[in-house]
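[1] let's see this in three dimensions:
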Amino acid sequence: IIVLTSDHGECFAEHGIMDRQHGYTVFENQLRIPLLLSIPGIAEAGVRVGEQVSLIDIMPTLLDVLELPAPSTMDGRSLVGALHGEAIGSVPVLIGWGYRPMMAVREPPWKLIQNTKTQSVSLFNLETDPRQRQDAADSRPDLVRPLRLELHNAVTASPQRPARFP
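    Numbers count the residues shown, from 1 in each chain. The predicted structure follows:
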């Protein structure tokens, strides 16, 4: 079994952020990373999973492949079904970052980013605007409200809430 991935992307002054460092924002250029799995006997070469997945899905996937039980407290889900072409469905993903006062939630194809200091929000359609350049928050309040509530509920329900966020 071979797993190839990364922990984050890079920032090269996109979105007006001049920190030429990594791990500072919740924009896709820092969040989208490769995840390549080579698991003999599980999937044909070149299988691409279209649904949104996360690094927390790697361990449940490996345990599933090895036919080992996953602890009940483990986050994530097995991707074995997806590797066989089954729809696994997208799950909302909460993203928090400690260096910038930003948090985000993805509900494909939408992504809401909230500034935790000013409470301002931005909304992006990741299918039509993958580089996140066209903020749709003002034109889509019907989406902003439920996503903002989802973000709030996820943060307040999380026992491991990032310490730097209010």
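[2] my read is that residue 82 contacts residue 48, right?
    No - judged on Cβ atoms under 8 Å, residue 82 makes no contact with residue 48 at a distance of 9.7 Å. Just so you know, the C-beta spots here come from the backbone N, C-alpha and C atoms, and that holds for glycine as well.
[3] which one of those two is surrounded by more residues?
    Set side by side, residue 82 and residue 48 show more neighbours around residue 82, with 21 against 6, by other Cβ atoms under 10 Å.
[4] the more buried one and residue 116: what is the separation?
    To residue 116, residue 82 is 32 Å away according to Cβ to Cβ, to the nearest Å.
[5] export the lengthiest helix in the chain to CSV, keeping only CA atoms.
    The single longest helix within the chain, with elements called by DSSP state H, is helix 141-157. Written as CSV, here are the backbone C-alpha positions of helix 141-157 (Å, rounded to 0.1, in the frame of the first residue of the first chain):
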residue,chain,number,x,y,z
PRO,A,141,-28.0,35.4,1.1
ASP,A,142,-30.1,32.2,0.7
LEU,A,143,-26.9,30.2,0.9
VAL,A,144,-24.9,32.4,3.3
ARG,A,145,-27.4,32.0,6.2
PRO,A,146,-27.5,28.2,6.3
LEU,A,147,-23.7,27.9,5.7
ARG,A,148,-23.0,30.4,8.4
LEU,A,149,-25.2,28.6,10.8
GLU,A,150,-23.5,25.3,9.9
LEU,A,151,-20.1,26.8,10.5
HIS,A,152,-21.3,28.2,13.9
ASN,A,153,-22.8,24.9,14.9
ALA,A,154,-19.7,22.9,13.9
VAL,A,155,-17.4,25.2,15.8
THR,A,156,-19.5,25.3,19.0
ALA,A,157,-20.0,21.5,18.9
